[in-house]
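sequence plus the predicted model coming up.
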2 protein chains.
Amino acid sequence: MGAGLRPTREGDITFAKDEPFQLEAGAALQPVSIRYAIYGELNAHPENTILVCHALSGSARAADWWPEMFGAVFDLSRDCVICTNMLGSCYGSTGPTSINPATGRPYGPNFPLVSVGDVVRTQARVLDELGVKRLRTAIGASIGGMQALQWAVDYPDRVGHCIAIGAAPLSAMGLALNHLQRKAILLDPKYQGGRYPDEKQPAEGLGLARAIAMCSYKSAELFGERYARKPNRNGEDPLQSLHARFDVAGYLDYQGEKFVQRFDANSYLVISKLMDTFDLSRGYASEQEALQRITAHVSLIGISSDWLFPPEDVRELAERIDAAGASCDYTEFDSAHGHDGFLAEVDAIAAVVNGRFDARRLAGGKKSSRAIVCS
Amino acid sequence: MGAGLRPTREGDITFAKDEPFQLEAGAALQPVSIRYAIYGELNAHPENTILVCHALSGSARAADWWPEMFGAVFDLSRDCVICTNMLGSCYGSTGPTSINPATGRPYGPNFPLVSVGDVVRTQARVLDELGVKRLRTAIGASIGGMQALQWAVDYPDRVGHCIAIGAAPLSAMGLALNHLQRKAILLDPKYQGGRYPDEKQPAEGLGLARAIAMCSYKSAELFGERYARKPNRNGEDPLQSLHARFDVAGYLDYQGEKFVQRFDANSYLVISKLMDTFDLSRGYASEQEALQRITAHVSLIGISSDWLFPPEDVRELAERIDAAGASCDYTEFDSAHGHDGFLAEVDAIAAVVNGRFDARRLAGGKKSSRAIVCS
C-alpha cells in the first residue's frame, strides 16, 4: 500500500520561457511551470515507465490520492511512476493562482481556457526534460482517463498501453451538472468576479459546487446504504425546521467545507470546463481519424453505478476505438461506489491491468463485443 | 384534451378563523385559506368525484398543468375533478407570500414547516365545505402522489382508489438534491434572509435551484437525445470561453429564468422541505400500522428513468402496502422522460387508471409480486 509513500523525487519543470505555449482555444501562456512527482527509479528500467494522470482535484503526488494502486498495480522495484499536476490546477503547476508575468498579479479569472490536449502537451514536455521517451502505460480515471486517451491519440509512438477508467466525452447530463457547479461558484457574492483574496474564497459557492459534484461521484445506492433517511448525526431533527438536515445533507455540507480548504475556485472553474470540452476529434478531421492514430492497446473500464460517465458511454467509446482498428478491451465493474469507484475498487482495476480477466480485443459490432463484468 | 379548459368553478375557502390550524411540526396557522378549482359538476354524480393533487410548482388549475388527463382519464360528463392549491404554495393558498395577521406583513421566511399530512387535512376541510363526503379517486404524481397516499392512510373511509405516480418516501439522493437546491437559494445575496421585496426575488439562486431540480426531473437519456454535446443554440462556442455554454446549459438556464417569473423562493423552500419529510409513519406507531389503515385500492406507478423517485423505491412501497394487507398494484412505465414522465406519458397513465393493463393485486413477497411494464 502506498499510503504515506513519498515521491523518490519531485520538482517543477518550467518551459515556454522564450516563446509562448500556445493553447488549443487560442490564448497562450508564458512561461509554464509543471509540478511533477516520481516514484521508483527514473530510467532504471525505461520500458517500465508509467504515467499516472490525476482527476479534477488531484495533485502530482499520486500516492496521496491513489495509494492502493502502489503495490496492487505499480511495483516500484520494477516500475517508475510519474505524475504531473494538471495545467490550471492549484497544486504547483501554472494555474489561476500563479502570477501572470504580464500584470504581476495572479491570473485569477483571466486564466485562459485549457484543454485535455494542452495538459497532455505539458506532460510530454515534462517527459522530454526527464529523458522519458516512451511510456509502458498511461493510466487515469475521470479527467485522468481523458488524458490517458489523449496520449494514445496525440503521441501514438510514445505509449504502449492506455488505461482509462470512467472516462468518455461527457454526456449532456454531465455537461449540465458541471455547468450548474460553475454557476454556484459565480453566485457566491464572495467570488467578486474571480478577484477574491486568497484567504477569502467563495467558500459557500465552491462548497455547493463540490456537493453537487459529490452527488455525481457517488451513487444513489451508496447514499441509500450509508445515509438512507436518517437525521443528521449531529442531532438535528429535519422534521422540525426548514434548515435542520438529514444525514446525507450534513455529509455533503461537510464535503464542501473540507474541499474549500484545499482547492481554488478559479482552478475549479477552469478544470471543470476542461472536462466539458474533452473531445478526441479536436485537432483532427473527425473522432474516427483521431482514433485511427492509436497504436497502444486501450483498456477502458466502466463502473456500473457511474452517473457522471455512465458505463454505456465508456463502452460505446470502446466500440468506436475498436471500429477504428485499434486494439481495445472494455471491462465493467459491478460496484455501488459510482464514479468514485476508481478510488474504491483498486483490486478490480489491478485485475484488469494485470490481465487476470479474459479482456480480449473487442471483436467489433455491438453484439460480438465483449463486456467483462467483475464483481 | 384539457388545454385551455377553464374550471367550472373556482374560489377560496377559509377556515381556522377562530382557532388555529395545528401543524404537524408544532406551529399553527390562523386563518388558513385554500384556493380550489372544480372541473365538471360538483355533486351531480357524487360517486365520481376525483381529487387531483399537484406537484411542487402546480396550482389548483389542474387543466393548466395536466391538460392531457382531461379526456384521456377524466370524463367531465361523468366525473367531477377537484384540485386545491397546496398549503405553502404561492398560487392562492396560505403560504409565505400571504400576510401574517400577527405582524401585518408577509410570513416570508417565518412561514412554518408544513407536511403532506397538513396539506391533506386542508384538502379534507375544503371537501367538507364543498359537501364532498367521499372520493372515487385521489390521484397525483410526485408530491401529488404523496398526498394521494396520505389520503388513503389518513381518511380510509373517504377514498376508493389511490393513484400515485413517481412517489415514495424520498431516497437519500433525493434528499441530497433538495438540500442543495435550498442552499442555492440561500446563497443568493438577494435572498436577504427571506425578506426580499416581491419584485426582487433571489432570481439567480431560485433559477439555479430549479435547474438542479430539472436534472432530476428529466433523464440522462432524454438530455442525450435532445442536447447531446451540441453548442448552445444561440451560437455560443463552449470550446472558446469559460462561460460559453453547451446547449443543455442554455436550456437549464432558460428553465431557471422562466421559473423565477412564476414561483416564490420562500414557497420553494417550504415545499421542497415538505417533499423531504413525507413519511407515512408520521403520526402512527409505524409505517406498517399506517398502511394497515388503507381500504382504498392503491395503484402505484414507477417510471423506468425516474432518478428522483427510482422505480425500485415505488415498487418497494407497493410491496410494503401489499404486505400490510391492502389492495395494491404496481405498474412501471418504460419511458425516457424521467420523473416528468407523469406529464409526458398520459396515455400510459390512462391505461392503468382505466384498467386496460392486467394490474392485479400484488400477491405478496418479492418474487410473486407483479410488475407490469408498459412501453
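Noted; the coordinates are in hand. Numbering: from 1, shown residues only, chains lettered A, B, ... in the order given.

can you give me the neighbour number for residue A:232?
18 (other Cβ atoms under 10 Å in any protein chain shown). For glycine as for every other residue, the C-beta is placed from the backbone atoms N, C-alpha and C.

if I look at it, how far off is chain B?
10 Å (Cβ to the nearest Cβ, to the nearest Å).

go on, residue A:328?
For residue A:328 relative to chain B (Cβ to the nearest Cβ), the value is 21 Å.

and that residue, how many neighbours?
Neighbours around residue A:328, by other Cβ under 10 Å: 27.

residue contacts, residue A:95?
Going by Cβ atoms under 8 Å, 6 or more residues apart in numbering or on different chains, residue A:95 touches A:87-89, A:107, A:111, A:264, A:266-267, A:270.

of those, which are in range of chain B?
Counting by Cβ under 8 Å from any Cβ of the partner chain, residue A:270 from these sit close to chain B.

turn the contacts of residue A:95 into CSV, columns for neighbour count, secondary structure and distance to residue B:45.
Compiled in CSV, the contacts of residue A:95 are given as follows (neighbours: other Cβ atoms under 10 Å in any protein chain shown; DSSP: H, G, I helix; E, B strand; the rest coil; distance: Cβ to Cβ, whole Å):
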residue, neighbour count, secondary structure, distance to residue B:45
A:87, 28, coil, 72
A:88, 29, coil, 68
A:89, 30, coil, 69
A:107, 21, coil, 72
A:111, 24, coil, 69
A:264, 23, coil, 66
A:266, 28, helix, 65
A:267, 22, helix, 66
A:270, 25, helix, 64
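
now pLDDT too, for the contacts of residue A:95, in TSV please.
As requested, the contacts of residue A:95 are arranged in TSV below (pLDDT from 0 to 100):
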residue	pLDDT
A:87	98
A:88	98
A:89	98
A:107	98
A:111	98
A:264	98
A:266	98
A:267	98
A:270	98
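
of all the contacts of residue A:95, which comes closest to residue B:351?
Checking those against residue B:351 with Cβ to Cβ, the nearest one is residue A:270 at 50.2 Å.

who's in contact with the closest residue to residue A:223 other than its chain neighbours?
Excluding the flanking residues, the one nearest residue A:223 by Cβ to Cβ, 6 or more residues apart in numbering or on different chains is residue B:172, at 3.7 Å. Neighbour list for residue B:172: A:220, A:223-224, A:226-229, A:246-248 [criterion: Cβ under 8 Å, 6+ apart].

only the buried subset of the residues you listed, as a PyMOL command please.
Of these, the buried ones can be selected in PyMOL as follows, counting by 16 or more other Cβ atoms under 10 Å in any protein chain shown:
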select buried, chain A and resi 220+223+224+227+229+246+247+248
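
returning to that earlier point: what about the residue nearest to residue A:223, distance to residue A:55?
Note on residue B:172: its distance to residue A:55, by Cβ to Cβ, to the nearest Å, is 24 Å.

again with residue A:319
24 Å.

what does residue A:267 give?
For residue A:267, the distance to residue A:55 (Cβ to Cβ) stands at 13 Å.

give me the element residue A:291 is part of.
helix A:287-292 (DSSP states H and E).

what's that helix in contact with?
With Cβ under 8 Å, 6+ apart, helix A:287-292 has contacts from A:153, A:279-281, A:283-284, A:320-321, A:323-326.

just checking, what packs against the helix or strand following it?
Downstream of helix A:287-292, the first helix or strand assigned by DSSP H and E is strand A:297-303. In this structure, strand A:297-303 makes packing contacts with strand A:159-165, helix A:311-323, strand A:328-333, helix A:341-344, helix A:346-353, judged by 3 or more Cβ pairs under 8 Å, 6 or more residues apart in numbering or on different chains; DSSP states H and E.

for those, give me a markdown table that also has mean pLDDT.
Shown next, in a markdown table, are these (pLDDT from 0 to 100):
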| stretch | mean pLDDT |
| --- | --- |
| strand A:159-165 | 96 |
| helix A:311-323 | 97 |
| strand A:328-333 | 93 |
| helix A:341-344 | 91 |
| helix A:346-353 | 86 |
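
do you know which of those lies nearest residue B:139?
Closest among the helices and strands packed on strand A:297-303, using Cβ to Cβ: helix A:311-323, at 34.3 Å.

tell me the angle that closest one makes with strand A:297-303.
Calculated by axes from the mean of the first three to the mean of the last three Cα atoms, to 10 degrees, helix A:311-323 forms an angle of 170 degrees with strand A:297-303.

am I right that residue A:182 is in a strand?
No. The assignment for residue A:182, made by DSSP: H, G, I helix; E, B strand; the rest coil, is helix rather than a strand.

quick one: contacts for it?
Contacts of residue A:182 by Cβ under 8 Å, 6+ apart are A:209, A:268-269, A:272-273, B:242.

and residue A:131, how many neighbours?
Using other Cβ under 10 Å, residue A:131 has 9 other residues around it.

no no, residue A:134
13.

which of residue A:319 and residue A:55 has more neighbours?
Between residue A:319 and residue A:55, residue A:55 has the larger neighbour count (other Cβ under 10 Å), namely 26 against 18.

do you know how far that one is from residue A:304?
Relative to residue A:304, and taking Cβ to Cβ, residue A:55 is found at 19 Å.

for chain A, what spans make up the strands?
Secondary structure of chain A (DSSP state E): strands at A:9-15, A:21-22, A:28-29, A:32-39, A:49-53, A:80-84, A:99-100, A:105-106, A:135-141, A:159-165, A:297-303, A:328-333, A:371-374.

would TSV of these with distance to residue A:186 be doable?
As requested, the strands of chain A are exported to TSV (distance: least, Cβ to Cβ, whole Å):
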stretch	distance to residue A:186
strand A:9-15	31
strand A:21-22	27
strand A:28-29	23
strand A:32-39	27
strand A:49-53	28
strand A:80-84	29
strand A:99-100	21
strand A:105-106	18
strand A:135-141	28
strand A:159-165	31
strand A:297-303	30
strand A:328-333	35
strand A:371-374	40
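
could you identify which of the ones you listed has the lowest mean pLDDT?
Least confident of those, judged by mean pLDDT, is strand A:371-374 with a mean of 43.

what's the neighbour count on residue A:345?
Residue A:345: 20 neighbours (other Cβ under 10 Å).

distance of it relative to chain B?
In terms of Cβ to the nearest Cβ, residue A:345 sits 20 Å off from chain B.

one more: residue A:42?
Residue A:42 is 36 Å from chain B, by Cβ to the nearest Cβ.
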